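**Q** sequence and predicted model, in that order:
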Amino acid sequence: MKKIANIVKSTSHIEYVAQVINPKKTVGIESADFCLGRFVLIDKKHVGIVYDTELFNPNSLTLSAQKEDNNIYAPDLQDEVEVLLKILLLGNLNDKKSKQDLPVEALEAGMEVVQMSDEQIKDFHLIDEKVQVRYLSNLNSFGSKLNPGLFKAISAQLQKFLSPEQYKIIKTIERNLEWLMVCQG
């Protein structure tokens, strides 16, 4: 599993912000590793999904006089833009046993965020060979404007390992979400 970020703060019990490990300094991390809809595992058991990103430059908070001094004394600080991931928790995955529900425990700052493997994503979504997306209501409440696009990204990942019959359920949900967005205009 590829480590991509660390938790740096929370905005609620189920919404967290993680700082991406600097891809310029770390070989092997690319923007595709933390794209919209990427399933992640936090602290080896908490399942989350990247539903938004934010660029942050800590140097933009310094006073303008200090910025001029930085150009002289620390020119490398000028390009230190961080990528922050907004992650919504969807449930837990322990030893191939998944639970799609609101988490009981709160996460802690510094916890590692890693990409989930296809096998882990499959284990999280198939319970007794039945497709589960119980987290959909959480997506609706936190990312309603992104929801159709976000669910499309989820659908594309699930298509890899679902049977045609199982995937029909996902495609129906996807079409319903698109239709709702059209109706809400």
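**A** Structure's in. What do you need?

**Q** mean confidence for stretch 93-100?
**A** For stretch 93-100, mean pLDDT is 88.

**Q** just the CA atoms of it, as CSV, please.
**A** The C-alpha trace of stretch 93-100 is given here as CSV (Å, rounded to 0.1, in the frame of the first residue of the first chain):
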residue,chain,number,x,y,z
LEU,A,93,-12.2,-2.6,7.0
ASN,A,94,-10.6,-5.2,9.3
ASP,A,95,-9.3,-8.6,7.9
LYS,A,96,-11.6,-8.4,4.9
LYS,A,97,-14.6,-7.7,7.1
SER,A,98,-16.2,-4.4,6.2
LYS,A,99,-18.6,-2.1,8.0
GLN,A,100,-20.1,0.8,6.1
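
**Q** list the buried residues in that stretch.
**A** The neighbour-count check on stretch 93-100 (16 or more other Cβ atoms under 10 Å) flags 93, 98-100 as buried. (C-beta placed from N, C-alpha, C; glycine too.)

**Q** what of stretch 100-119?
**A** 100, 103, 107, 111-116.

**Q** tell me which of those fall in strands.
**A** The strands, defined by DSSP state E, take in 112-115 from these.

**Q** buried stuff in the lengthiest helix in the chain?
**A** The single longest helix within the chain, with elements called by DSSP state H, is helix 164-184. Buried residues in helix 164-184, counted by 16+ other Cβ under 10 Å: 166-167, 170, 173-174, 177.

**Q** continuing past the helix or strand of the chain at the bottom of the mean pLDDT ranking, what's the next helix or strand?
**A** When the helices and strands of the chain are compared on mean pLDDT, DSSP states H and E, helix 64-73 comes out lowest with a mean of 54. Using DSSP states H and E, the helix or strand that follows helix 64-73 towards the C-terminus is strand 82-94.

**Q** how about that next one: buried residues?
**A** For strand 82-94, by 16+ other Cβ under 10 Å, it's 83-93.

**Q** contacting residues around the residue lying closest to residue 82 once chain neighbours are set aside?
**A** Spatial nearest neighbour of residue 82, excluding adjacent residues (Cβ to Cβ, 6 or more residues apart in numbering): residue 56 at 4.8 Å. Counting by Cβ atoms under 8 Å, 6 or more residues apart in numbering, residue 56 makes contact with 81-84.

**Q** distance to residue 140 added to the residues you listed, as JSON lines?
**A** Listed next are the contacts of residue 56 as JSON lines, based on distance: Cβ to Cβ, whole Å:
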{"residue": "81", "distance to residue 140": "31"}
{"residue": "82", "distance to residue 140": "29"}
{"residue": "83", "distance to residue 140": "26"}
{"residue": "84", "distance to residue 140": "23"}
